[in-house]
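*Asks:* can't give you the sequence, but here's the structure:
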């Protein structure tokens, strides 16, 4: 017997990166009265990881809750990047509808397509928000047409296409139903949520069922399992069953039960169907498992997650500088950290290799791997990784490789160079859209490995003005060889400190990655050779001093500024026989030792 709970709405905010999701949640929290009038609250309050604040992107899905007209709105802020798709797939299991946020100028971009496709697959109704309506380059009628085209393109049903549209300015906390209306606050948005997002449904005859979709940790009560109660009632202190992914069952006592209230968790004695809760009581519970009735457990279907397409080898740092900067330097530390990551990140896999100190990490994309490595180095890990490689599979004796859809947005004058570069990487153009604004949008389909190392080259070719996004697009038969980096590298042939004298003599050979005074060791990559071969060079050479006065005064040494290699650039740059050394203070590249 199906019943509904009208005092709750569960919804997710989905959008492309940087279209304003987290800013909108800020405004909704403020206008719902969650914060006191003079309370100091930082901007983008939901981005609570340093990296999220720096990059301006959401990496981890997060829950919050607020009240409007005595109805509780459980809101989930989801990541907008396909590399964190595992987060999106999980969070959509907790909600009954979505708010699709689209920039009034940029329109629906690739990641919008990705998250919308996931929500349409789960038959979730949508409210469309046109955000940043105050932009001088806003093109609202065209963007609305593009959104309708996107829904039709994704085979949405008629009732899904019949969505309400709200016009918002998240930064100022304004919303309106029609463009000509005067906006004072977000009330039209709150009203639309109550009217169009269905209340949670449950079966009153069913026993307790709760699918775990997220994991958190508390220093006081240990691991917290977060999910939505599908059926039944959950009480603090009661005995329940945990239905494991392998089919086994285990009894557990609920030591703490919390619901969300603003940015806080509120401890409660019991919670019923439709509510999103966090549960403590087991340190081995994980994502995808079901909390069920102790006597008569019925597990819910486990989560379906897209397959990972990219692999990298992680090892503890073995360079001569190992252990000088990092706190966690052994393979045991690395193994523990990767196992901890697996608890929260369902789209990541760690596979054992023939060497117990070497780990093969398989994930969604370069950005996901770079974020994991950046988080590790910030807390003191000292690791080495190989060039990312794609994950192939064999079907009927044929090697199949992952394909990607690539969307490029760049000024018209760069169409030629971009198309040529993507062509050498086995890419084919499928669409070209010109809005007449001087910029064009190009759509390509190419092998996933063709994108490795492409971003830096693309930004150089478009003088930093290009935008690129890509999405996984199935598997096809192996597409043949793709040329790699055409240049060789300058490799240090001895250890010491780089000198201005030596670097001055080497800068004609190529572009340098080190500065005078930087410590180097044998095998360290010091620069990019302008030719295709690797060159072993002495970057520590000093000028010989004699007691003879030079007939001409020494010319001042003028060095061309060196190229600083960040983590993402280094991962794109290295070849198969090279490693990226990642420490809390430095990113270095080196040749693989002969024994590697």
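*Replies:* Done, it's in. From a predicted model like this one, the values you see are computed outputs, not experimental measurements. Residues are numbered from 1 along each chain as shown.
*Asks:* average pLDDT for stretch 522-530, rounded please.
*Replies:* Per-residue pLDDT over stretch 522-530 has a mean of 90.
*Asks:* now the helices for this structure?
*Replies:* 21-31, 50-55, 85-91, 110-121, 140-153, 158-161, 187-196, 331-344, 366-378, 415-424, 454-461, 500-506, 567-573 (DSSP state H).
*Asks:* rank the ones you listed by pLDDT, which is bottom?
*Replies:* If you rank these by mean pLDDT, helix 50-55 sits at the bottom with a mean of 42.
*Asks:* would CSV of the helices of the chain with distance to residue 230 be doable?
*Replies:* The way it works is simple: take the backbone N, C-alpha and C, and place the C-beta from them, glycine included. Formatted as CSV, those follow (distance: least, CB to CB, whole Å):
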stretch, distance to residue 230
helix 21-31, 25
helix 50-55, 30
helix 85-91, 14
helix 110-121, 18
helix 140-153, 28
helix 158-161, 22
helix 187-196, 21
helix 331-344, 22
helix 366-378, 29
helix 415-424, 45
helix 454-461, 41
helix 500-506, 64
helix 567-573, 40
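*Asks:* ok, which of these comes nearest residue 8?
*Replies:* helix 187-196 (10.9 Å; CB to CB).
*Asks:* residues contacting the closest one, please?
*Replies:* Outside helix 187-196, the residues that touch it by CB atoms under 8 Å, 6 or more residues apart in numbering are 9, 11, 28, 68-69, 71, 73, 97, 99, 125, 127, 129, 163-164, 166, 168, 175-177, 181.
*Asks:* residue 236 is nearest to which of the helices of the chain?
*Replies:* The nearest among those, by CB to CB, is helix 331-344 at 23.4 Å.
*Asks:* any idea what the residue nearest to residue 94 when sequence neighbours are not counted is bridged to?
*Replies:* Using CB to CB, 6 or more residues apart in numbering and skipping the chain neighbours, the partner closest in space to residue 94 is residue 228 (4.4 Å). Beta-bridge pairing for residue 228 (DSSP bridges): residue 211, residue 276.
*Asks:* cool, residue 350 as well?
*Replies:* residue 361.
*Asks:* which ones are touching it?
*Replies:* Residue 350 neighbours (CB under 8 Å, 6+ apart): 338-339, 342, 359-362.
*Asks:* hmm, try it at 10 Å
*Replies:* Shown in contact with residue 350 (CB atoms under 10 Å, 6 or more residues apart in numbering): 314, 335, 338-339, 341-342, 359-363.
*Asks:* would you mind giving these as JSON lines with neighbour count and distance to residue 272 added?
*Replies:* Output for those, formatted as JSON lines (neighbours: other CB atoms under 10 Å; distance: CB to CB, whole Å):
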{"residue": "314", "neighbour count": "26", "distance to residue 272": "44"}
{"residue": "335", "neighbour count": "17", "distance to residue 272": "41"}
{"residue": "338", "neighbour count": "19", "distance to residue 272": "38"}
{"residue": "339", "neighbour count": "11", "distance to residue 272": "35"}
{"residue": "341", "neighbour count": "16", "distance to residue 272": "33"}
{"residue": "342", "neighbour count": "14", "distance to residue 272": "32"}
{"residue": "359", "neighbour count": "22", "distance to residue 272": "43"}
{"residue": "360", "neighbour count": "16", "distance to residue 272": "44"}
{"residue": "361", "neighbour count": "23", "distance to residue 272": "40"}
{"residue": "362", "neighbour count": "18", "distance to residue 272": "39"}
{"residue": "363", "neighbour count": "26", "distance to residue 272": "37"}
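*Asks:* which pair of these spans the longest distance?
*Replies:* Maximum distance among these (CB to CB): 16.8 Å, for 335 and 363.
*Asks:* quick one: residue 524 and residue 492 touch, right?
*Replies:* Yes: using CB atoms under 10 Å, residue 524 is in contact with residue 492, at 4.5 Å.
*Asks:* have a look at the two and say which one is more surrounded.
*Replies:* Per other CB atoms under 10 Å, whichever of residue 524 and residue 492 has more neighbours is residue 524, with 26 against 23.
*Asks:* for the more buried one, which residues make a bridge with it?
*Replies:* Under the criterion used (DSSP bridges), residue 524 bridges to residue 590.
*Asks:* where's the residue nearest to residue 94 relative to residue 245, distance?
*Replies:* 18 Å (CB to CB, to the nearest Å).
*Asks:* which of the two has more neighbours?
*Replies:* Neighbours per residue, other CB under 10 Å: of residue 228 and residue 245, the larger number sits with residue 228, 25 against 13.
*Asks:* pull the contacting residues for the more buried one.
*Replies:* 8, 10, 63, 74, 76, 93-96, 200, 209-213, 271, 273-277.
*Asks:* can you say which of these are buried?
*Replies:* Buried by 16 or more other CB atoms under 10 Å: 8, 10, 63, 74, 76, 93-96, 200, 209-213, 271, 273-277, out of the contacts of residue 228.
*Asks:* from those residues, which land in strands?
*Replies:* With DSSP state E as the criterion, strands contain 8, 10, 63, 74, 76, 209-213, 271, 276-277 from among the buried ones among the contacts of residue 228.
*Asks:* which one among those sits at the bottom for pLDDT?
*Replies:* Lowest pLDDT among these: residue 63, 74.
*Asks:* which residues does residue 418 contact?
*Replies:* Applying CB under 10 Å, 6+ apart to residue 418 gives the contacts 408, 410, 427, 429, 440, 442, 444, 457-458, 461-462, 466, 468.
*Asks:* 7 Å - rerun?
*Replies:* Neighbour list for residue 418: 408, 410, 442, 458, 461-462 [criterion: CB atoms under 7 Å, 6 or more residues apart in numbering].
*Asks:* and those residues, which two are furthest apart?
*Replies:* Distance extremes for those: the farthest pair is 442 and 461 at 13.0 Å, using CB to CB.
*Asks:* more neighbours: which of the two?
*Replies:* The residue with more neighbours, out of residue 442 and residue 461, is residue 442; 23 against 18, by other CB under 10 Å.
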